[in-house]
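Undergrad: Starting from these lines, generate the structure:
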Amino acid sequence: MTSTSSPAFENSSEMSKVVFGMPVKLFWGYIAIAIFMTGDGVELAFLSKYIIDIGFNVSQSAMVFTVYAITAAIASWLSGGISEIYGPRKIMALGVVWWVVFHVLFIHFGLAAKNYPLILVFYALRGFAYPLFFYAFYVLVVQRTPSHRLASATGWIWSMFTIGYGIIASFLPSVTIPLWGFLTTLWMSLAWVIVGGAIALLTLKELPSQNKTAMPGAAKLLEISRGVTLIFANRDICLALIIRILCNLALFGFPIFMPLHYTSQNVGFTPEQWMRIWGIFFLVQPVTNVLWGIIGDRIGWLFQMRWVGFFGCTITTLLFYFMPLYFPANLGMAIFFGLLLAFTITSFVPMGAIFPMLAPEHKGAAISVQNLGGGIGNFIGPAIATVLFSASFDIKTVVICYSALYFIGGVLTWFIRNPQPARVPVKTETDLTSLSLKEEK
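TA: Numbers count the residues shown, from 1 in each chain. Presented below is the predicted three-dimensional model:
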């Protein structure tokens, strides 16, 4: 490519280089996500126990995670809009610096000093950091990927997130804590975040023409506020928000009560066997996330989410509860039904492509709405279980409720406009320029 190529052509040329659904130019960004999220998730396996061990009670420990969840949800909502305005790379840099500063303060002045108010404050403030880094990269991927390949590209994002946050960060402390202890393991996580941040900032570039830095201040505030106003102004975005909230009911709800079901006398698994079943459920997701992204780009985003995601989860959530009753203590069968559940839940990967394409002129704001739905979704699954248990309903009733809500989500997909663009073969410079102009419109 010569230096005289137009930005539009350069963008399209780079976007055309895709391997297994991943934009090649963003390869190191994906690696950076896995490394950064490993550092961010290292403490999850032991932090609550450590807070209790140094003298605080269960309620105080729970409050630490509650305020963290609140700040992370706020940052997730804001990150899409501000990334589109100021540029994803700048927001990623802000996320790295913010994380490092408040992680150091959290460890040194909070945990090491056993100062509960500072533990609470600094951990909550650190909660703003990872969404800035992660979702800014999400915006960059949306900006740099052809629309007809967007589900594949976002599928890779969630695969890298799962590899770092869900897999490596879960197993790493089991090695480092016996060797170095709790606090040293927390200090070690700094290295992961710094390395991940450095890789991203040194290897990624953005196209300034796709950002909105030159907008007046009032217009920038208006653009950020679209993360809420789009919900009311765009009917399709509103419906997409509802199905975004529903899609992860089982993912976040099942860990609350399924261990009780699987280790009950009627089912007969040990706690260790349950953890193995749930661990394998996550272990396959990096692969299925990518596969469903590629498949969704070919067979249709809404079609896949409707039939495999919502109607599939309508069935697999029931199977995951009822089948162990018919095959008690049968680990192989339990793993099989866990894999079926993972297979259907990960088919929601195209959700990340649908939102920005429903509002192509405000993609950052649309991603913010998606993030808001994700935050509410993390809460709604456990909340439904809590409400029903408080009303004296049993686990079976909760699972049936989840299944019914998945069915409703599937029905709602028929009322959402299909935003998926047609697959466009890109072969020549003329074709690339034409595609670029279509994307900009």
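Undergrad: give me every residue that touches the closest residue to Ser170 other than its chain neighbours.
TA: Spatial nearest neighbour of Ser170, excluding adjacent residues (CB to CB, 6 or more residues apart in numbering): Ala45 at 5.9 Å. To be clear about C-beta, it is placed using only N, CA and C from the backbone, and glycine gets the same treatment. Shown in contact with Ala45 (CB atoms under 8 Å, 6 or more residues apart in numbering): 169-170, 173-174.
Undergrad: Please indicate which of those are buried?
TA: 169-170, 173 (16 or more other CB atoms under 10 Å).
Undergrad: Count the neighbours of Val24 for me.
TA: 11 (other CB atoms under 10 Å).
Undergrad: ah, wrong one, I meant Leu388
TA: Leu388, neighbours per other CB under 10 Å, totals 17.
Undergrad: What's the separation between it and Ala250?
TA: 14 Å (CB to CB, to the nearest Å).
Undergrad: Where does pLDDT dip in the stretch 1-150 of the chain?
TA: 1-16 (pLDDT under 70).
Undergrad: Any chance you could list what contacts stretch 371-383?
TA: In contact with stretch 371-383 (CB under 8 Å, 6+ apart) are residues 69, 72-73, 76-77, 79-80, 131, 135, 227, 240-242, 244-254, 256, 402.
Undergrad: oh sorry, the question was meant for stretch 337-347
TA: So stretch 337-347 is contacted by 158, 247-248, 250-251, 277-278, 280-282, 284-285, 288-289, 292, 296, 304-305, 308-309, 312-313, 315-317, 319-320, 323-324 (CB under 8 Å, 6+ apart).
Undergrad: same thing with stretch 195-207?
TA: 7, 10-11, 26, 28-29, 31-39, 87-89, 92-93, 95-96, 99, 133, 137, 140, 143-144.
Undergrad: where exactly do the helices run in the stretch 251-400 of the chain?
TA: 271-283, 285-299, 301-304, 311-326, 331-345, 351-358, 363-390, 395-412 (DSSP state H, counting those that start in this stretch).
Undergrad: Throw the ones you listed into JSON lines and include distance to Ser264 and mean pLDDT, thanks.
TA: Listed next are the helices of the stretch 251-400 of the chain as JSON lines, based on distance: least, CB to CB, whole Å; pLDDT from 0 to 100:
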{"stretch": "helix 271-283", "distance to Ser264": "11", "mean pLDDT": "88"}
{"stretch": "helix 285-299", "distance to Ser264": "26", "mean pLDDT": "94"}
{"stretch": "helix 301-304", "distance to Ser264": "35", "mean pLDDT": "97"}
{"stretch": "helix 311-326", "distance to Ser264": "9", "mean pLDDT": "97"}
{"stretch": "helix 331-345", "distance to Ser264": "13", "mean pLDDT": "96"}
{"stretch": "helix 351-358", "distance to Ser264": "34", "mean pLDDT": "93"}
{"stretch": "helix 363-390", "distance to Ser264": "15", "mean pLDDT": "88"}
{"stretch": "helix 395-412", "distance to Ser264": "9", "mean pLDDT": "97"}
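Undergrad: Between those, which one is closest to Ile107.
TA: helix 363-390 (25.4 Å; CB to CB).
Undergrad: Can you get me a residue count around His171?
TA: Small correction: residue 171 is Phe, not His. For Phe171, using other CB under 10 Å, the count is 10.
Undergrad: show me the contacts for Thr314.
TA: Contacts of Thr314 (CB under 8 Å, 6+ apart): 403-404, 406-407, 410.
Undergrad: Double-check Ile280 against Gly332; I have them as touching.
TA: No: contact criterion CB atoms under 8 Å: Ile280 and Gly332 do not qualify, at 11.1 Å.
Undergrad: Neighbour count for the two, which is higher?
TA: Counted by other CB under 10 Å, Ile280 and Gly332 do not tie: Ile280 has more neighbours, with 15 against 7.
Undergrad: Met188 and Trp180 touch, don't they?
TA: Yes: using CB under 8 Å, Met188 makes contact with Trp180 at a distance of 7.2 Å.
Undergrad: Go ahead and flag the most central residue of the chain.
TA: Trp158 (5.9 Å; CA atoms, centre = their mean).
Undergrad: Skipping adjacent residues, who's closest to that one in space?
TA: Asn289 (4.6 Å).
Undergrad: quick one, what contacts the one you found?
TA: Asn289 neighbours (CB under 8 Å, 6+ apart): 155-156, 158-159, 162, 346, 349.
Undergrad: Tell me which two of these sit farthest apart.
TA: Checking the contacts of Asn289 with CB to CB, the most distant pair is Trp156 and Thr346, at 12.5 Å.
Undergrad: Could I get the full set of strands for this protein?
TA: 18-19, 22-23 (DSSP state E).
Undergrad: just to revisit the earlier point, Produce a PyMOL select command limited to the buried residues of the contacts of stretch 195-207.
TA: Under the burial definition 16+ other CB under 10 Å, those of the contacts of stretch 195-207 that qualify are selected in PyMOL by:
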select buried, resi 10+11+26+29+31+32+33+34+35+36+37+38+39+87+88+89+92+93+95+96+99+133+137+140+143+144
